[in-house]
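In: build me a structure from this.
(one chain, ligands or ions: 1)
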Amino acid sequence: MENYLVNGKVKLSGNVKISGSKNAAVAILPAVVLTSETVALENLPDINDVRTMTKILETLGVSIRRRGRNTIELTPGNLAKIAPSYELVKKMRASYYFMGSLLARYGRAEVPIPGGCDLGPRPIDQHLKGFSALGAEINIEQGMIKLSANKLVGAHIYLDVVSIGATINLMLAASAAEGRTVLENVAKEPEIVDLANFLNAMGSSIKGAGTDVIRIDGIKKFSGVRHTVIPDRIEAGTFMLAAAATKGNVSVEDVIPKHLEAITAKLRETGVKVIVEPEKIKIEVVKPLLPSDLKTFPYPGFPTDLQPPGMVLLTAADGLSVVTENVFDGRYNQVDELKRMGARIKVEGRTALVEGGSSLQGAPINAPDLRSGAALIIAAMMADGESRVSGIEHIDRGYENFEQKLVGLGASIKRVNHINSGQMPGNPE
Ligand code: EPZ
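Out: Residues are numbered from 1 along each chain as shown. All right, here's what the predicted structure looks like:
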């Protein structure tokens, strides 16, 4: 397995270009099967989750042509397979979006029950409740979810929980249902809006995406389309928080500032200078960081995916901060590793008390998942000394060119195999 070797005490500085949104891409790719015409997708991030998703599409019979690092053309033609490859689907949770898109295209779908995840329990009861409201029959057998519907009929569905996944899956299924579907208490994330724009460009009639009520009038024929995926607000926020945590001076570019308002507000609360321009945000630390309370909520609240990097920033603030994770039960995988680096953090249920002012020490650490992995890399760049970070295959799933972008900002980070010691590039600051 590969590791990162990271030298600490680095102040990130310079410009970094943000890639396309992973979470928009993994929702739009399954939607491609709704048409038999050619779809061109631009600004796709070149990450493992997108590679896995495109491989799943190929196992379904979609022909794919790469037109550049971040552009592909996909032609579904007349697919017939309704069960994507088990080995590939098990690799990523978002492949459960094929339930909605294959149900819409063929009236049938078979996907494995999504595995548990390191973010705590991740039920899909809201997805299944919506599918049955639309007329689908659901059988769960041999670890598979088997859905079938002679006809999908529009329904009025009220989600008990604000769920991005359920919102996306039900938009996909309802887009081909007969008549009108109204989805209430839905997620409002920009990725939902991007999917709605993609489906509308294919001929759908979806209104209200980005609000908590979405109205969908089902259609029969979806056309091919060219679509550019929105920038990744979570990648952008990760770099904004990394710049502040390392007391650097960084401009994140090719972003939509509106999608980052919660992060901008939180950084300003800690005393960081944030300059917002039409497609870029500049971060500069001009004085000691202040403690701040950080609470995660569905969009437009502070995103749960940036809670781990946000917590790392708060370890550098002068004073006590309180972090409250309201979206997932116990999403604090990064805490034990941070404590091994000298952070003073106490977790009580959904709340973590972060005592700032502690200077972190480099250590051998393990990335438990994608976002806590990115957070630990930030901690390693702040720490005194060298850190060896294992588990970086998680990071490869969701951050395009992560180490290259960090090196471009002055970080001292190198990918090594776990067996060799690997000398650091250049001289640590
Ligand atoms: C999406 O996961 C994202 N993944 C996650 O990002 C993100 O952390 C999460 O939304 C929350 O923002 C993708 O977009 C691919 P949810 P999802 O359904 O859709 C509960 C990353 O790092 N719930 O919005 O699975 C659930 O348990 C990943 O990019 C139900 O109870 O999240 C959770 O507590 C990690 N029943 C809450 O809702 C359901 O049927 C929000 O989950 C569905 C969800």
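In: quick check: Asn197 is in a strand.
Out: No: for Asn197, which was evaluated using DSSP: H, G, I helix; E, B strand; the rest coil, the result is helix, with no strand membership.
In: give the contact list for it.
Out: Contact criterion Cβ atoms under 8 Å, 6 or more residues apart in numbering gives Ala209, His227 as the residues in contact with Asn197. Every residue, glycine included, has its C-beta placed from N, CA and C.
In: 44 is where my numbering starts, stick with that
Out: Yep, numbering from 44; the last one is Asn240 now.
In: against Phe340, how distant is it?
Out: If you measure Asn240 against Phe340 using Cβ to Cβ, to the nearest Å, the figure is 24 Å.
In: try Gly246
Out: When distances are taken as Cβ to Cβ, Gly246 and Phe340 turn out to be 34 Å apart.
In: try His270
Out: Computed as Cβ to Cβ, the His270 to Phe340 distance reads 29 Å.
In: ok, these two, which is more surrounded?
Out: Taking neighbours as other Cβ atoms under 10 Å, His270 and Phe340 compare with His270 leading, 22 against 14.
In: ok, Ala198 touching Ala176?
Out: Yes: the pair Ala198 and Ala176 passes the contact test of Cβ atoms under 8 Å, sitting 4.3 Å apart.
In: quick one: Lys231 is in a strand?
Out: No: using three-state DSSP, the assignment for Lys231 is coil, not a strand.
In: how far does the host helix or strand of Val49 sit from its chain's centre?
Out: Remark: Val49 resides in strand 45-50, with elements defined by DSSP states H and E. Once both centres are worked out by Cα atoms, centre = their mean, to the nearest Å, strand 45-50 turns out to sit 23 Å from its chain's centre.
In: partner strands of the helix or strand following it, parallel or antiparallel?
Out: Towards the C-terminus, the helix or strand next in line after strand 45-50, according to DSSP H and E, is strand 56-60. Each strand that strand 56-60 pairs with, and the sense of that pairing, follows from DSSP bridges: strand 292-296 (parallel).
In: what's the following helix or strand after the strand it pairs with?
Out: For strand 292-296, the succeeding helix or strand toward the C-terminus, using DSSP H and E, is helix 304-312.
In: which elements pack onto that next one?
Out: Contact analysis of helix 304-312 by 3 or more Cβ pairs under 8 Å, 6 or more residues apart in numbering; DSSP states H and E lists helix 276-288, strand 316-320 as its packing neighbours.
In: now that helix against helix 276-288, angle please.
Out: Compare the direction of helix 304-312 with that of helix 276-288 by axes from the mean of the first three to the mean of the last three Cα atoms, to 10 degrees and you get 10 degrees.
In: and helix 304-312, which residues are buried?
Out: Judged by neighbour count using 16 or more other Cβ atoms under 10 Å, the buried positions of helix 304-312 are Ala305, Ile306, Thr307, Lys309, Leu310.
In: check contacts around the fourth one.
Out: If I follow you right, that is Lys309. Ser335, Leu337, Phe345, Gly353.
In: which pair of those spans the longest distance?
Out: When the contacts of Lys309 are compared pair by pair using Cβ to Cβ, the farthest-apart members prove to be Ser335 and Phe345, with a separation of 10.4 Å.
In: how many neighbours does Glu327 have?
Out: For Glu327, using other Cβ under 10 Å, the count is 16.
In: so what's Thr102 closest to, chain neighbours aside?
Out: Using Cβ to Cβ, 6 or more residues apart in numbering and skipping residues adjacent in sequence, the residue nearest Thr102 is Ser128, 4.1 Å away.
In: list the residues that contact the one you found.
Out: Taking Cβ under 8 Å, 6+ apart as the criterion, Ser128 is in contact with Lys98, Ile99, Thr102.
In: one more: Leu55?
Out: By Cβ under 8 Å, 6+ apart, the neighbours of Leu55 are Ala285, Ala286, Thr289, Gly291, Asn292, Val293, Met424, Leu449, Leu452, Gly453, Ala454.
In: what's the answer for Met135, then?
Out: If you count contacts by Cβ under 8 Å, 6+ apart, Met135 has them with Val69, Asp92, Thr95, Met96, Arg440.
In: now, which of these sits nearest Val370?
Out: Among the contacts of Met135, and counting by Cβ to Cβ, the member closest to Val370 is Val69, at 18.1 Å.
In: neighbouring contacts of the helix or strand containing that closest one?
Out: Val69 is part of helix 65-74, with elements assigned from DSSP H and E. Contacts made with helix 65-74 from outside it, assessed by Cβ under 8 Å, 6+ apart, are listed as 84, 87-88, 90, 92-93, 96-97, 100, 117, 135, 137-138, 140-141, 143-144, 207, 211, 215, 232-235, 237-238, 241-242, 245, 270, 272-273, 275, 277-278, 440-441.
In: can you list the low-confidence ranges for the stretch 144-293 of the chain?
Out: Residues of the stretch 144-293 of the chain meeting the criterion pLDDT under 70: 158-161.
In: close to the ligand: what parts of it are there?
Out: 164-170, 204, 206-209, 230 (Cβ under 6 Å from any ligand atom).
In: let's see it at 5 Å
Out: With Cβ under 5 Å from any ligand atom as the criterion, the stretch 144-293 of the chain comes near the ligand at residues Arg165, Pro166, Ile167, Asp168, Gln169, Val204, Ser206, Ile207, Gly208, Ala209.
In: could you do the stretch 294-443 of the chain as well?
Out: Residues of the stretch 294-443 of the chain that fall close to the ligand, judged by Cβ under 5 Å from any ligand atom: Thr347, Asp348, Phe371, Leu413, Arg414.
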